[in-house]
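In: Dropping a prediction and its sequence here:
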Amino acid sequence: GPQGIGGNLVARHIGIVACSAEGAALCYTTLCTEAPELMGKKHAHPEVSMHTHPFSDYVRLIEAGKWDGVAALMLSSEEKLAKAGAELVICPDNTIHRVFDQVIAKARLPWLHIAEEVAKVAGHRGYKKVGLIGTAYTMDGSFYQEKLAAQGIEVVLPGAKDRKLINRIIFDELVAAQFTAESRAYFTGLISEMRGQGCEAVALGCTEVPLIITEENSPLPVLDSTRLLARAALRVSLE
């Protein structure tokens, strides 16, 4: 890559449009901890800026079905990140990707799509059938199905009752950094069922789920949307 001052790689400044804190924090730390290996230098990572509107503003709009308002908040964050010097944007929140196309139509900076990065990795690994866990908005939405279908991958969703329960666990526990043994056992049971349905992996399509389900405790290989997005941003930043 191009050499900068003091022989440093010139990396593009990454902007994070955050929504819920725990997923955004994991995405941020992943960027910073995984960069040194890619950049070949201890402690090295690209410049990173993050902006978050109050999570309550997002939740209020989402619950009222006011998705135009969600897109407006995302674009307002992008505007602030552009002023801070960001050259590339990621949003470590799956739910609000429901309005990604609307955002991208007005965006000033290039954005990466979280589900697209998950789908690329799933395709690269040769999966044909993948389970999906996320908020009700993500599971009922079509963006994961579309991105995975483009890679020839079928998506398996939990049943309606489970979707409701998953949504409750995410909004009442995970976003507030509550990780109970009970919820962990529930998720692993769900993933076991997906394995029984022929799934070869599970997409953790909520940025907080990797904090409770990991490669170590999951009955299936995981596609960790939070870390996959961070890694994709690093790659693009260093291109």
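Out: Perfect, thanks for sending it. Computed from a predicted structure; not experimentally measured.
In: pLDDT wise, what is L9 at?
Out: On the pLDDT scale, L9 is placed at 57.
In: cool, and the one 10 residues further on?
Out: pLDDT recorded at C19 is 98.
In: Now do the same contact list for it.
Out: The contact partners of C19, taken as Cβ atoms under 8 Å, 6 or more residues apart in numbering, are 52-53, 55, 58, 91-93, 95-96. C-beta: built from backbone N, CA, C; applies to glycine.
In: Going by distance to M39, which of these wins?
Out: Minimum distance to M39 across the contacts of C19 is 20.8 Å, recorded for P92 (Cβ to Cβ).
In: From V59, how far out is the closest one?
Out: As judged by Cβ to Cβ, to the nearest Å, P92 and V59 stand 16 Å apart.
In: quick revisit: which one of the contacts of C19 has the most neighbours?
Out: With neighbours defined as other Cβ atoms under 10 Å, the most crowded of the contacts of C19 is D93; it has 30 neighbours.
In: did I read that right, that residue in a strand?
Out: No: looking at D93 with DSSP: H, G, I helix; E, B strand; the rest coil, it is coil, so not inside a strand.
In: What does the nearest residue to it once chain neighbours are set aside show for phi and psi?
Out: Using Cβ to Cβ, 6 or more residues apart in numbering and skipping the chain neighbours, the partner closest in space to D93 is C19 (3.6 Å). Main-chain dihedrals, C19, degrees, to the nearest 10: phi -130, psi -70.
In: Show the subsequent helix or strand relative to the longest helix along the chain.
Out: Longest helix in the chain, counting residues (DSSP state H): helix 21-39. Downstream of helix 21-39, the first helix or strand assigned by DSSP states H and E is strand 48-52.
In: what does that following strand rub up against?
Out: For strand 48-52, contacts defined as Cβ under 8 Å, 6+ apart pick out 13-19, 21, 24, 28, 31-32, 77, 80-81, 84-86.
In: Check the secondary structure at P158 for me.
Out: Using three-state DSSP, the structure places P158 in coil.
In: Was I right to think it contacts I191?
Out: No: using Cβ atoms under 8 Å, P158 is not in contact with I191; the gap is 9.7 Å.
In: between the two, who's got more neighbours?
Out: I191 (23 against 19).
In: any idea which element the more buried one lies in?
Out: For I191, the host element (DSSP H and E) is helix 181-196.
In: then that helix to CSV, C-alphas only?
Out: C-alpha atoms of helix 181-196 as CSV (Å, rounded to 0.1, in the frame of the first residue of the first chain):
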residue,chain,number,x,y,z
ALA,A,181,-26.9,-18.6,31.4
GLU,A,182,-30.6,-19.1,30.7
SER,A,183,-30.6,-17.0,27.5
ARG,A,184,-27.3,-18.6,26.4
ALA,A,185,-28.8,-22.1,26.8
TYR,A,186,-31.9,-21.0,24.9
PHE,A,187,-29.8,-19.7,22.0
THR,A,188,-27.7,-22.9,21.9
GLY,A,189,-30.8,-25.0,21.9
LEU,A,190,-32.2,-23.0,19.0
ILE,A,191,-29.0,-23.4,17.0
SER,A,192,-29.1,-27.1,17.7
GLU,A,193,-32.5,-27.2,16.1
MET,A,194,-31.1,-25.3,13.1
ARG,A,195,-28.4,-27.9,12.8
GLY,A,196,-31.2,-30.5,12.8
